[in-house]
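Novice: Take a look and give me a structure for this.
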Amino acid sequence: MGNFFNYLPTEENLYGTEIDIKAVKIAQYLYPKANLQYGDIREYNPILSGDIVFGNPPFNLEWGDGEISVCSQMYYCKKAYQVLKNGGLLVLLAPASFLADDFSNKGEIEEINQMFNLIVQFPLSTDLFQEYGVVSFQTKAMILQKKSQYVTTRPYTPKQEPMLPAEEVYRNYVCPVLQERKKNAAKIYFENQKTDLEGEKERTFQAK
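Specialist: Just a heads-up that it's a prediction; the model follows:
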C-alpha cells in the first residue's frame, strides 16, 4: 500500500511492484507520481537500476524452473542484485531462519558473498505480522550492499545484532556505508557503466 514509500523523499524516483491489486490501487492513489505496477516480482524488470531495493518478499516459497529452485527470499536477493547499481543497498525482511546456519546454508551464503556485503542484520518483534493473523513468527531485518571494488568487503555471517532502534541502525551502520560510496562516487559511476555494458552484451547474446 506504499508503506515503505513514506520514508523516501522523491516520489518520481520510486519504482514498485505488488501482487495484491487492492494494495496497488491504494499506493497509486497515495503516490500518483511513483512508478508502480501490478504483478509478480519474478516478472518485474524496471528500465532503470536503483540505489536501494527494499521490501518484504514472500517467505519460504520454492521458486524456480524444472530441477533448479531457490527459496523466495533468496530469489528476491538475486532479483535485487540485477536491479541495483554497484554499491547500492538491499534492505529486506526475512524469516530468522534465512541463512542462519553457516553449515546447512553454506552454498547460499557463498552465493550471497559473491553478490553482496553484509552491513547488518537484527531480529524484529515476533508479533510483526499479528494484524495478518500470524501471532508469533521470528523474523529479521537484513541490510546488504551490492559488491563494488570501491567499497569495503564485508563477508556474510549468520550473527545478528540485538534489536536496534532505527536511528542507531542508520547512524552506526548505514551512514558510514553511504559516506564511503559518496567518497568513491565517480569511480563507482564508471564501474556501473562498464557493468551495464557487459550486461547488455550478455542479454543480446542470449537473445540471439
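Novice: Please name the bridge partners of the most centrally placed residue in the chain.
Specialist: What sits nearest the mean C-alpha location of the chain, by Cα atoms, centre = their mean, is residue 90, with 3.2 Å. Residue 90 forms beta bridges with residue 53, residue 144, as assigned by DSSP bridges.
Novice: now swap in the one 4 residues further on and tell me
Specialist: When bridges are taken as DSSP bridges, the partners of residue 94 come out as residue 140.
Novice: Pull the number of nearby residues for it.
Specialist: Neighbours of residue 94 under the rule other Cβ atoms under 10 Å: 24. Any C-beta I mention is one placed from the backbone N, CA and C, and that applies to glycine too.
Novice: Would you check that it makes contact with residue 59?
Specialist: Yes: under the contact definition of Cβ atoms under 8 Å, residue 94 touches residue 59, with a separation of 7.3 Å.
Novice: Which residues are in contact with each of these two?
Specialist: Shared contacts of residue 94 and residue 59, defined by Cβ atoms under 8 Å, 6 or more residues apart in numbering, comprise residue 73.
Novice: For residue 127, which non-adjacent residue is closest in space?
Specialist: What sits nearest to residue 127 in space, not counting adjacent residues and going by Cβ to Cβ, 6 or more residues apart in numbering, is residue 136, at 6.4 Å.
Novice: still on that earlier bit, separation between the residue nearest to the centre of the chain and residue 165?
Specialist: 21 Å (Cβ to Cβ, to the nearest Å).
Novice: Same question for residue 29.
Specialist: From residue 29 to residue 165 the distance is 31 Å (Cβ to Cβ).
Novice: Same question for residue 176.
Specialist: Distance of residue 176 to residue 165, computed by Cβ to Cβ: 17 Å.
Novice: Have a look at the two and say which one is more surrounded.
Specialist: Shown here are residue 176 and residue 165; by other Cβ under 10 Å, residue 176 has more neighbours (12 against 8).
Novice: Next, the more buried one: phi, psi?
Specialist: phi -60, psi -40 (degrees, to the nearest 10).
Novice: How about the secondary structure of residue 37?
Specialist: Three-state assignment for residue 37 (DSSP: H, G, I helix; E, B strand; the rest coil): strand.
Novice: quick one, what contacts it?
Specialist: So residue 37 contacts 16-18, 24, 44 (Cβ under 8 Å, 6+ apart).
Novice: what about 7 Å?
Specialist: Residues near residue 37 by Cβ atoms under 7 Å, 6 or more residues apart in numbering: residue 17.
Novice: can you give me the strands in the protein?
Specialist: Ranges of strands in the chain, per DSSP state E, are 15-18, 35-38, 50-55, 62-65, 68-71, 84-95, 116-123, 139-146.
Novice: between the last one and strand 116-123, how big is the angle?
Specialist: The one in question is strand 139-146. With axes from the mean of the first three to the mean of the last three Cα atoms, to 10 degrees applied, the angle from strand 139-146 to strand 116-123 works out at 160 degrees.
Novice: And strand 139-146, how far out from the chain middle?
Specialist: 7 Å (Cα atoms, centre = their mean, to the nearest Å).
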